[in-house]
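Engineer: here is my input; please provide its structure:
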Amino acid sequence: MSQDCLKPSNAEQKALANGIKWVNRTPYVAAGVLLVLIASYVTAFINNGWSKSPEAWGQLGDYIGGVLNPLVAGFALLALVVSVRLQKAELADTRKELENSRMAMEEQAKTAEQQRREQRFFDLLNLYQITLQSISFEERPMMSFDSIRHPERPVAAPITRIGKQAFQFLSTSGTSPIKALIELFQPKKFTDEIKGKLPTLEVICQTWNKQSPLLDHYFRTVFMLLREAESILKEDHFRFIKLFRAQLSRDEVNLLAMNLLFDEEGKKMGSLIASYGMLKHMPVNYLRQTAEEGLNPLSFGRKWAESNLATPHKEQPC
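Structural biologist: Coordinates of the predicted model:
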């Protein structure tokens, strides 16, 4: 039975209130009737004097009882009806309170579950940050002509690049372990002169396969974070992955694209990268041109994919 069925209507509530008023007036009405009966009896028989006959007093009692009993019984019935209606109204209120309490508990449980899920995802983000900070490279100063002429002069100490600075060092420094690939990351126009300086596919594969193991744990962490997001966050996973995507520097995005294109293990997360458009903010460079040909268009965001559906998909072999 629903709460609406138990809850009295406005008309019923008004009738119930009136019934309660009459029940409360029962003693006064009965006392008034009794006084009227006695007064009427005395007025009618005052000239005959007080009777000493028990039968006469018994008749008086029968007379008063016969008049009052139906009245009292009527009020008793009214009190019973009012009591039943009050209990029904109280039952409806109790059920309403229990339902509100149940809904509040469900909402609290839902909120707690959502917070627990979000905390699990932020734990993964924290793991990502720890993994990012675990990456470090020493940037050694390049030998200059002046240092060759004056070898006695002190050489500048190497600088340790950590985290995002380490990725920037890999992508831009002339002493980077992958310096042969740096031209791929430069935001330049694709002129014939620039294309002539770009490394060949063989050089790209050899250089990347030699140095990428230093970043394997980073890419595996990214893969795990993307893979677990939907199961942890349910329908909110896109919103939180956008938060993660916004934290990636352009150097991280460049090297993520390298991993997707030229690493066999990295290619396994191609579908996840496309699902979340993880390369949406990849800078315009020669590597992006290669990635646009070799990766799913959705990797660069839905809007880009919709405007470039004709882009041929060509996997880059190594």
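
Engineer: pick out the residue nearest the middle of the protein.
Structural biologist: Centroid-nearest residue in the chain, with Cα atoms, centre = their mean: Gln114, separated by 5.1 Å.

Engineer: any idea how far that one lies from Glu235?
Structural biologist: Separation of Gln114 from Glu235 (Cβ to Cβ, to the nearest Å): 11 Å. Where C-beta positions appear, they are placed from N, C-alpha and C, glycine not excepted.

Engineer: do Lys267 as well
Structural biologist: From Lys267 to Glu235 the distance is 28 Å (Cβ to Cβ).

Engineer: comparing the two, which shows the higher neighbour count?
Structural biologist: Higher neighbour count among Lys267 and Glu235: Lys267, with 18 against 7, using other Cβ atoms under 10 Å.

Engineer: element containing the residue lying closest to that one once chain neighbours are set aside?
Structural biologist: Computed as Cβ to Cβ, 6 or more residues apart in numbering, the closest residue to Lys267 that is not its neighbour in sequence is Leu260, at 6.3 Å. Leu260 belongs to helix 250-262 when assigned by DSSP states H and E.

Engineer: what about whichever helix or strand comes after that helix, average pLDDT?
Structural biologist: Per DSSP H and E, the first helix or strand lying C-terminal to helix 250-262 is helix 270-276. The average of the pLDDT scores along helix 270-276 is 95.

Engineer: give me the neighbour count for Leu214.
Structural biologist: 15.

Engineer: and for the one 5 residues further on?
Structural biologist: Phe219 is flanked by 20 other residues according to other Cβ under 10 Å.

Engineer: and the pLDDT for the closest residue to it other than its chain neighbours?
Structural biologist: Excluding the flanking residues, the one nearest Phe219 by Cβ to Cβ, 6+ apart is Asn259, at 5.1 Å. Asn259 carries a pLDDT score of 94 in this model.

Engineer: what segments of the stretch 1-150 of the chain are helices?
Structural biologist: In the stretch 1-150 of the chain, the helices defined using DSSP state H, counting those that start in this stretch lie at 3-6, 10-45, 54-133, 145-149.

Engineer: average pLDDT for the second one?
Structural biologist: Read it as helix 10-45. Per-residue pLDDT over helix 10-45 has a mean of 68.

Engineer: return the per-residue confidence for Glu107.
Structural biologist: Glu107 is given a pLDDT of 87.

Engineer: burial measure for the residue nearest to Phe219, as a count.
Structural biologist: Neighbour count for Asn259, taken as other Cβ under 10 Å: 22.

Engineer: same question, Thr131
Structural biologist: When neighbours are defined as other Cβ under 10 Å, Thr131 has 19 of them.

Engineer: next one: Val29
Structural biologist: By other Cβ under 10 Å, neighbour count at Val29 equals 14.

Engineer: so it touches Phe75, yeah?
Structural biologist: Yes: Val29 is within contact range of Phe75, at 7.2 Å (criterion: Cβ atoms under 8 Å).

Engineer: re the thing from before, could you check the angle the helix holding Leu260 makes with helix 54-133?
Structural biologist: 80 degrees (axes from the mean of the first three to the mean of the last three Cα atoms, to 10 degrees).

Engineer: for helix 250-262, what is the distance to the chain centroid?
Structural biologist: The chain centroid and the centroid of helix 250-262 are separated by 30 Å, computed with Cα atoms, centre = their mean, to the nearest Å.

Engineer: please parse this structure into its domains.
Structural biologist: 3-112, 136-140+159-307 (automatic domain parsing).

Engineer: turn these into CSV, including distance to Gln129.
Structural biologist: Compiled in CSV, the domains of the chain are given as follows (distance: least, Cβ to Cβ, whole Å):
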stretch, distance to Gln129
domain 3-112, 25
domain 136-140+159-307, 8
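
Engineer: how about the ones you listed, which one is nearest Asp123?
Structural biologist: Closest of those to Asp123 is domain 136-140+159-307, at 9.5 Å (criterion: Cβ to Cβ).

Engineer: which of the three states applies to the nearest residue to Leu170 once chain neighbours are set aside?
Structural biologist: In space, and not counting its chain neighbours, Leu170 is closest to Ser176: 5.0 Å by Cβ to Cβ, 6+ apart. With DSSP: H, G, I helix; E, B strand; the rest coil as the basis, Ser176 sits in coil.

Engineer: give me the number of residues near Ser176?
Structural biologist: Neighbour count of Ser176, defined by other Cβ under 10 Å: 19.
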